[in-house]
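*Asks:* Starting from these lines, generate the structure:
(one chain, ligands or ions: 1)
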Amino acid sequence: MAKTLFDKHVDFGVRQANPFNGGPPPRLLGQSHITPTDLFFVRSHGDVPEVDADSYRLEVNGRVSRHLSLSLDEIKNNFERVAVNATLQCAGNRREELMAVQPIPHELPWGVDAISHAAWAGVRLRDVLAVAGVESEAALNLHVEFGGLDEVERLNNRFRYGGSIPLAKGLSPEVILAYEMNGEPLAPAHGFPLRTIVPGFIGARSVKWLERITVQDEPSHNYFQRKAYRLFASNARADTVNWDNGMMLGEMNVTSVICSHTEDERVGAGMIAVQGYALAGGGREIARVDVSSDGGQTWMHAELFNDTNPWAWTLWKANFELEPGRYQLVVRAMDTSANTQPQDISQVWNFKGYMNNAWHRVNVEAR
Ligand code: MTE
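*Replies:* The predicted structure is shown next:
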């Protein structure tokens, strides 16, 4: 199969060439549990940094009893290799639908494609922190900041990408420093040579091109923690907002999406198979996916395909017998804590366009 920029699939949807951002066509997205690397979405705020694996070092500092400076070989050889299959989703997934409610300037109009699932391998963050002398009892009120090597420009400043998670999450076994994706070394666009994978959290915390881990008292002061990736009420506006009032995003919310059909598609009357993905955040699992063909008046349960991994998406499928006419397909999911999705998208609108998990609706015509 021919490849395009950054070795992506010919049908990969490039949303921005510079910095490179894009995602797979929805139809291909929901077809396999593991997203092939050439279809895996890319979300980068700056250019991909060139990193020489031989001279690369990871610094571990802050509130640790031993500072570490580790080469890639030391990371690979001195710590146990672990595999974690996890779904990454950008907090901006489905922003396009929010933009149709009210404009959201200066942000990428993601469809349902800012999400993918991979088999990651690397070392546990907690094993590295243990060598630095970080004890689990210390975790209660601390945070762990991840610094990337890529440079970004915002508000007339140039700085490196970064973000943080509570140390308590960082010490959980699923949080890894990954050097492999789908059985290969990380591709440059996905963070070569090392990135964090924080399953259950928004993708922004899975920092690529990782150069530094700092244990500290407060969440990161990086722009992408303190301003971007905060959730505001629907009446807040960029020019008047008090940034401190926004909720710093961490765990993802429950969501589900139709991948098999696109808006205003014409389908043959008769049996149609509606398919898609669902995801529960924070280690919860998808308990149920409801699908409707009449705008949400009546529902049927979709068949679920999950590998019993709480960090993985659930793929789903439902069949409908459609007479000729117009239909609104709708999907909503419920997780194992009985959280479900809001019906009304205007209620989840926010000026940065994050965390849209309203019922997903697709209008089709059967002929
Ligand atoms: N890490 C760095 N260093 N720079 C970035 O721009 N983008 C983040 C995160 N890690 C980013 C980063 C965001 S917003 C997301 S959604 C994920 O990477 C996307 O990971 P992917 O490009 O491998 O899909």
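
*Asks:* following the helix or strand where residue 333 lies, which helix or strand comes up?
*Replies:* Using DSSP states H and E, residue 333 sits in strand 325-335. Where DSSP H and E defines the elements, the next helix or strand beyond strand 325-335 is strand 360-366.

*Asks:* roughly how far apart are residue 173 and residue 126?
*Replies:* Going from residue 173 to residue 126 by Cβ to Cβ, to the nearest Å gives 7 Å. Every C-beta, even on glycine, is put in place using the N, C-alpha and C of the backbone.

*Asks:* can you count the residues close to whichever residue of the stretch 151-300 of the chain sits closest to the ligand?
*Replies:* Residue of the stretch 151-300 of the chain nearest the ligand, by Cβ to the nearest ligand atom: residue 203 (2.6 Å). Neighbour count of residue 203, defined by other Cβ atoms under 10 Å: 23.

*Asks:* Residue 90 is in contact with that one, correct?
*Replies:* Yes: shown here, residue 203 and residue 90 form a contact pair, counting by Cβ atoms under 8 Å, at 4.5 Å.

*Asks:* Touching both of those two, which residues are there?
*Replies:* Residues touching both residue 203 and residue 90 (Cβ atoms under 8 Å, 6 or more residues apart in numbering): 43, 114.

*Asks:* so who does the residue nearest to residue 226 when sequence neighbours are not counted touch?
*Replies:* Using Cβ to Cβ, 6 or more residues apart in numbering and skipping the chain neighbours, the partner closest in space to residue 226 is residue 243 (6.6 Å). By Cβ under 8 Å, 6+ apart, residue 243 lies in contact with 226, 227, 230.

*Asks:* And residue 243, its phi and psi?
*Replies:* Backbone torsions of residue 243, given as degrees, to the nearest 10, read phi -60, psi -30.

*Asks:* Can you name the residues that contact the residue of the stretch 151-300 of the chain closest to the ligand?
*Replies:* Shown in contact with residue 203 (Cβ under 8 Å, 6+ apart): 43, 88, 89, 90, 91, 114.

*Asks:* just the buried members of these?
*Replies:* Neighbour-count burial within the contacts of residue 203 applies to 43, 88, 89, 90, 91, 114; the criterion is 16 or more other Cβ atoms under 10 Å.

*Asks:* The residues you listed in helices, which ones?
*Replies:* Cross-referencing the buried ones among the contacts of residue 203 against helices under DSSP state H gives no overlap.

*Asks:* now, which of the residues you listed sits nearest residue 60?
*Replies:* residue 88 (23.3 Å; Cβ to Cβ).

*Asks:* How much space separates that closest one from residue 329?
*Replies:* Distance, residue 88 to residue 329, by Cβ to Cβ: 26 Å.

*Asks:* what's the neighbour count on the closest residue to residue 94 other than its chain neighbours?
*Replies:* Closest residue in space to residue 94, ignoring its immediate chain neighbours: residue 356 at 4.1 Å, by Cβ to Cβ, 6+ apart. Per other Cβ under 10 Å, the neighbour tally for residue 356 reads 26.
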